[in-house]
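Enquirer: Give me the fold of what follows.
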Amino acid sequence: MNRTSVAWAGPVPALTTPFRTDHSIDEEGFVANIDRLFRAGAAGMIAAGCTGEFWALSFAERARLARLAADACRGRGPAIVGTGAVTPSEVVEQIHAAREAGADGVLVMPPYFLHATEAEMVAHFEAVDRGAVLPVVLYNIPGNAGNAITPALAGRLADLDQVVAIKESSGNWTNFHDTLNRVRDRIRVFCGPSSVFGVAAALAGCDGHMDCFPNVWEGCLDLWYATRAGRMEEAWALQRTGMEMTALFTSEGRTLYPATKAAMNLAGLPGGGLPRPPLRPLAGPPLAGLEAGMHRLLAPRAKVA
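Expert: Reported below is the predicted structural model:
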């Protein structure tokens, strides 16, 4: 397989997994969020990734989310399922479950927590590749995994049989751009932090965006289409909003995933709900600051609309 084996392109949201007060999954809210995002212009979905709090999900719950996503995405765009795990055998087991559920592809991050050498990383992905039964999207998120898919390593992994794309979420423009230039002729390249440099990534020739912000802000989807259509004044304005929103979600006692869910709840959007422990829902000054910040950022667009 290679980049021509799939037609995936455009903005692909990384979905939240909404939890109720008893920590069960709100399946109706999950599916409603997918429907809303497709109507807003999404080109596919990622379920059970970092935004989806995969670490807090059982194997059975991940398989269930894969089924829900596959059913909701059918005929509309690819359903890509996160398979985050430490050992290759666990990753492969999840890939088989994702195929059984009807998913179109899987998101495979490096092993996390342990500090792997480059040789160990290569061996890990080779073992996953041998057992993979779906197209693989490599996932570079060193801030969470603790192990990085460097541009040089991406260049090696791009030649694995099942690899068709990479989600580059390092948050470092130089790392993203170097990766893009090394592998774009062999696999598809998606920009993770599109809220921060999605316009530049699209102009540089990436295949699409994979980001959590469309869950709460549809302007993150518009950013891709405005750039591709050459509406650059609109695109750069959206980028400024995205950068400010990113800063808002990650400051003054807030972290990205609980803030995303809290903002969805404040806006009355489906798919928010609560995070699962050890994450905690926002409350007090962090929640009040988020509400004030979102009002400030989105009120001008509401008036124009």
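Enquirer: just for this structure, where's the confidence low?
Expert: Applying pLDDT under 70 to the chain flags residues 300-305.
Enquirer: Tell me which stretches of it form helices.
Expert: 27-39, 59-73, 88-101, 118-131, 142-145, 151-157, 173-183, 194-204, 219-228, 232-249, 256-267, 284-304 (DSSP state H).
Enquirer: if I look at Ala79, how far off is Val12?
Expert: Using Cβ to Cβ, to the nearest Å, Ala79 is found at 10 Å from Val12. C-beta: built from backbone N, CA, C; applies to glycine.
Enquirer: Please enumerate the shared neighbours of these two.
Expert: Counting by Cβ atoms under 8 Å, 6 or more residues apart in numbering, the contacts common to Ala79 and Val12 are 44-45.
Enquirer: Adding distance to Ala7, write the helices of the chain out as JSON lines.
Expert: Shown next, in JSON lines, are the helices of the chain (distance: least, Cβ to Cβ, whole Å):
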{"stretch": "helix 27-39", "distance to Ala7": "16"}
{"stretch": "helix 59-73", "distance to Ala7": "14"}
{"stretch": "helix 88-101", "distance to Ala7": "19"}
{"stretch": "helix 118-131", "distance to Ala7": "21"}
{"stretch": "helix 142-145", "distance to Ala7": "28"}
{"stretch": "helix 151-157", "distance to Ala7": "21"}
{"stretch": "helix 173-183", "distance to Ala7": "18"}
{"stretch": "helix 194-204", "distance to Ala7": "17"}
{"stretch": "helix 219-228", "distance to Ala7": "16"}
{"stretch": "helix 232-249", "distance to Ala7": "24"}
{"stretch": "helix 256-267", "distance to Ala7": "28"}
{"stretch": "helix 284-304", "distance to Ala7": "31"}
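Enquirer: For those, give me CSV that also has mean neighbour count and distance to Ile166.
Expert: Converted to CSV, the helices of the chain look like this (neighbours: other Cβ atoms under 10 Å; distance: least, Cβ to Cβ, whole Å):
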stretch, mean neighbour count, distance to Ile166
helix 27-39, 18, 22
helix 59-73, 20, 20
helix 88-101, 19, 16
helix 118-131, 16, 11
helix 142-145, 16, 13
helix 151-157, 19, 6
helix 173-183, 19, 7
helix 194-204, 22, 12
helix 219-228, 22, 17
helix 232-249, 18, 21
helix 256-267, 21, 21
helix 284-304, 14, 30
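Enquirer: Leu274 is nearest to which of those?
Expert: Of all these, it is helix 256-267 that lies closest to Leu274, at 6.8 Å by Cβ to Cβ.
Enquirer: and the closest one, what other elements does it pack with?
Expert: helix 232-249, helix 284-304 (3 or more Cβ pairs under 8 Å, 6 or more residues apart in numbering; DSSP states H and E).
Enquirer: Spatially nearest residue to Val31, not counting backbone neighbours?
Expert: Ala72 (5.1 Å; Cβ to Cβ, 6 or more residues apart in numbering).
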